[in-house]
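A.B. asks: got a predicted structure plus its sequence, pasted below:
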Amino acid sequence: MATAARKVPTYEDDKARCKKFLEDFVKTDSTTSVDDSYKTQLLAVANRQSSAVVIDMDDLQEFDEDLCQAVQGNTKRYHEMFSQAIDDINMQPTEEYTADSILDVFIQHRTVLQQNAVANAQTPSEADRTRYPPSLLRRYQVYFQPPSQEKRMSIRQVEAEHIGKLVQIEGIVIRATQVKPQVTVVTYACDVCHGEIYQEVTGPSYMPKVTCDSETCTLNSTKGRLQPMTRGSKFTKFQELKIQELSKHVPTGHVPRSMTIHASGDITRSAAPGDQIIVSGIYLPTPSSGFKQIRAGLLSDTYLEAQSIEKVKKTYSESIIDDAAREELEEHAQDPEIYEKLSSSIAPAIFGHQDVKKALLLLLIGGTDRNLSDGMKIRGCVNVCLMGDPGVAKSQLLKAVSELAPRGIYTTGRGSSGVGLTAAVSRDPFTGEMILEGGALVLADMGICCIDEFDKMDESDRTSIHEVMEQQTVSIAKAGITTSLNARASILAAANPLYGRYNPNKSAAQNINLPTALLSRFDLLFLLLDRPDMDGDLRLAHHICHVHTHNDYPELEHQPMDKETVRNYVSVAKSFDPVISDELTEYIVGTYVKLREDADENPDIQYTGARTLLAVLRLSTALARLRYDEAVSQADVEEALRLMHCSKASLIDVRTAKSRQASNPINDIYNVMRTLRNEVQSDTISYREAEQRAELKGYRPDDFLACIEEYEEDNVIMVNEQRTKIIFV
């Protein structure tokens, strides 16, 4: 017995199924049927509250599995079918709108004309004449949301079999054109019969009509000239994006591939150059006509008609944190050890470098920008430079920060030119105009730009960074374009000393070999030296062997937080704007003067100037933001000064560092207290002030307590019960 042949659905059948889905579907897990139905979207379109109807493929899969597979296999066809179904439903508005747009007036006028013409038409041809293109009367666009379980593809995996289908691709945006109006329906007016002629535009170009082809002009054997009506035509927003493969998707020895994305309507301006995105759309061939079609022959270019664009890493301003998550973050902020926990969450697999990780955490948070009344702007971004011997994990730290930051660009000094860092002039393929394409620093706007091998850059290319590090802009005067681009980015640079490794027979300035104008723009400059140390080398070797054996970092003192939690914490911290009190201002001023005096005694150390004071203020503000506080405390300033001292102490010559290491810290702290005693000219000094002096010299609180205990046992000093005074016996 022969099996019955499966009935192939007709166009009207599929259209009826689409209409039924829009009218009847309600989410199964929802308690309210109105808010989650597609009638809500259609009502919002009718009430002028929305201009997009988003069809979720998960909902379609739940309602009709066969229809869902048909839509995914031939998305372009069903895109028009869903639009016709929405036209048939014809949802009426429930709210009054007062401000009628030009489109509303034209639609109302044409609808009345069409109704009158159909009522008075004596022949079908007269009624057909007043039919308008459906897209002309639509005030919405249909978008398809891909299934949540659909696998993301790389550009290299999209092949000819995917043409016409709904695909989901991951990549990074390398170019985005300006949003311009694209005509979809052209309206002409005839100067003889005074009728309207419509022309639908489906491709990137069209041939305008010149003579009228209406029935009136044809019967009268006249060729009326057509005049285009701009206000009567329909335009939509259009933007072209170009995305490139991610580095992890490129096979060894291959060049990254790119793809053109066409975005229209509400999904324009969804991404900017430098954003890593997941885009779903319809894979289509580029239609060509005329001479281009003759030259192309059998080959065809392709593009992706975007249906949805989602950023993989959202910026701090775009991240949405609900109330429950915010309360949890505020509880974390009350933890006295949150500073250490967050810093240890940065590259936990890298051993040591605690102060460097704390500096990188402050770089992620940043200070507060100050915009003065006269137009002057003081940057709040923190710049850090890591210079040291090979093999101290500088590049790994840079990679970790670029992945942790929502907008992080990683580049190398030898592979980057001055144009590649700032901006390049190119020609727009659509309009032929000269346009600017932002480089790495412009792409890292409101983010972090990590530059590895900073010392390998040419001097002419390195000077292009000077303006970005202080003025936060890139000034361009090329090809008749004179402008200033925003580059509000923090710079994290890594470099090796001049001789590959630090040469102890040379001074610090000779080893660094960077101009003072550039060094002064770095808030913190760390010198990471690979010195032989029995205990340190033993712990480092155990750590590396554990990582290679277990493919994971060993148990740390503080449990590291995951990347998403750190991003959310930093996002909330950036919303605070701490201020500095008048009492704290006096303390900062006095400390800065003391730093200048110490700089005169050690001229070989990094230059200390007004930018050093601004660096202390930025770091103090970042520490206050870290605590979710609106005021900077003295402890924040002391920690900022300690980091400054750590970064400068690492710049001292190795011989001086070795002699200091050989000296006894207890005796050095006692000399600090004796110096304070001579300054106040009294045998009683402040316990707190002596402790601060020791911390500014780079000694830990444990060393200070050990010094107090040892000299108390020797009856050299005494401490009162409240531990507020130190008395010399």
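C.D. replies: Cool, got the structure.
A.B. asks: which stretches in the stretch 351-500 of the chain count as helices?
C.D. replies: Under the criterion DSSP state H, counting those that start in this stretch, the stretch 351-500 of the chain contains helices at 354-365, 394-404, 418-421, 440-443, 459-462, 464-471.
A.B. asks: now the ones you listed in TSV, with distance to Pro701?
C.D. replies: Glycine gets a C-beta too; all of them are placed from N, C-alpha and C. Conversion of the helices of the stretch 351-500 of the chain to TSV gives the following (distance: least, Cβ to Cβ, whole Å):
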stretch	distance to Pro701
helix 354-365	15
helix 394-404	27
helix 418-421	43
helix 440-443	40
helix 459-462	40
helix 464-471	34
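A.B. asks: pipe these into JSON lines and attach distance to Gly203 and mean pLDDT per row.
C.D. replies: Shown next, in JSON lines, are those (distance: least, Cβ to Cβ, whole Å; pLDDT from 0 to 100):
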{"stretch": "helix 354-365", "distance to Gly203": "47", "mean pLDDT": "87"}
{"stretch": "helix 394-404", "distance to Gly203": "41", "mean pLDDT": "84"}
{"stretch": "helix 418-421", "distance to Gly203": "35", "mean pLDDT": "66"}
{"stretch": "helix 440-443", "distance to Gly203": "32", "mean pLDDT": "76"}
{"stretch": "helix 459-462", "distance to Gly203": "43", "mean pLDDT": "72"}
{"stretch": "helix 464-471", "distance to Gly203": "42", "mean pLDDT": "78"}
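A.B. asks: centre of the chain versus the helix or strand containing Lys15, how much separation?
C.D. replies: Assessed by DSSP states H and E, Lys15 sits inside helix 11-24. Computed by Cα atoms, centre = their mean, to the nearest Å, the chain-centroid distance of helix 11-24 equals 41 Å.
A.B. asks: got the CA coordinates for that helix in PDB?
C.D. replies: What follows is helix 11-24, C-alpha atoms only, in PDB (Å, rounded to 0.1, in the frame of the first residue of the first chain):
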ATOM      1  CA  TYR A  11       1.900  30.300   0.500                       C
ATOM      2  CA  GLU A  12      -1.500  31.100   1.900                       C
ATOM      3  CA  ASP A  13      -1.200  28.200   4.400                       C
ATOM      4  CA  ASP A  14       2.100  29.500   5.700                       C
ATOM      5  CA  LYS A  15       0.800  33.000   5.900                       C
ATOM      6  CA  ALA A  16      -2.200  31.700   7.900                       C
ATOM      7  CA  ARG A  17       0.200  29.900  10.300                       C
ATOM      8  CA  CYS A  18       2.200  33.100  10.800                       C
ATOM      9  CA  LYS A  19      -0.900  35.100  11.500                       C
ATOM     10  CA  LYS A  20      -2.100  32.400  14.000                       C
ATOM     11  CA  PHE A  21       1.200  32.500  15.800                       C
ATOM     12  CA  LEU A  22       1.100  36.300  16.200                       C
ATOM     13  CA  GLU A  23      -2.500  36.200  17.500                       C
ATOM     14  CA  ASP A  24      -2.500  33.100  19.700                       C
END
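A.B. asks: picking that back up, minimum distance to Asp374: which of the helices of the stretch 351-500 of the chain has it?
C.D. replies: Closest approach to Asp374 among the helices of the stretch 351-500 of the chain (Cβ to Cβ): helix 464-471, 15.3 Å.
A.B. asks: surely Thr621 meets Val632?
C.D. replies: Yes - assessed by Cβ atoms under 8 Å, Thr621 is found in contact with Val632 at 6.1 Å.
A.B. asks: start and end of stretch 60-76, how far apart?
C.D. replies: End-to-end span of stretch 60-76 (Cα to Cα, to the nearest Å): 16 Å.
A.B. asks: so which bits of that stretch are buried?
C.D. replies: By neighbour count with 16 or more other Cβ atoms under 10 Å, stretch 60-76 contains the buried residues Leu60, Gln61, Phe63, Asp64, Leu67, Cys68, Ala70, Val71, Gln72, Asn74, Thr75.
A.B. asks: need the max-distance pair from those.
C.D. replies: By the measure Cβ to Cβ, Phe63 and Asn74 form the most distant pair in those, at 18.0 Å.
A.B. asks: out of the buried residues of stretch 60-76, which comes closest to His542?
C.D. replies: Comparing those against His542 with Cβ to Cβ places Gln61 closest, at 52.1 Å.
A.B. asks: tell me the confidence at the closest one?
C.D. replies: For Gln61, the model assigns a pLDDT of 85.
A.B. asks: about what we covered before: in CSV: the helices of the stretch 351-500 of the chain, plus mean neighbour count.
C.D. replies: Converted to CSV, these look like this (neighbours: other Cβ atoms under 10 Å):
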stretch, mean neighbour count
helix 354-365, 23
helix 394-404, 20
helix 418-421, 19
helix 440-443, 24
helix 459-462, 14
helix 464-471, 19
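A.B. asks: which one of the ones you listed lies nearest to Thr549?
C.D. replies: Closest of the helices of the stretch 351-500 of the chain to Thr549 is helix 394-404, at 18.8 Å (criterion: Cβ to Cβ).
A.B. asks: tell me how far that closest one lies from the chain's centre.
C.D. replies: Mean-position distance between helix 394-404 and its chain equals 16 Å (Cα atoms, centre = their mean).
A.B. asks: between it and helix 354-365, how big is the angle?
C.D. replies: Going by axes from the mean of the first three to the mean of the last three Cα atoms, to 10 degrees, helix 394-404 is angled at 30 degrees with respect to helix 354-365.
A.B. asks: CA atoms of helix 394-404 as CSV?
C.D. replies: C-alpha atoms of helix 394-404 as CSV (Å, rounded to 0.1, in the frame of the first residue of the first chain):
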residue,chain,number,x,y,z
LYS,A,394,54.5,41.6,31.9
SER,A,395,52.8,40.5,28.8
GLN,A,396,50.5,38.1,30.7
LEU,A,397,49.4,40.9,32.9
LEU,A,398,48.6,43.0,29.9
LYS,A,399,46.6,40.2,28.3
ALA,A,400,44.7,39.7,31.6
VAL,A,401,43.8,43.3,31.9
SER,A,402,42.7,43.6,28.2
GLU,A,403,40.4,40.6,28.7
LEU,A,404,39.0,41.9,32.0
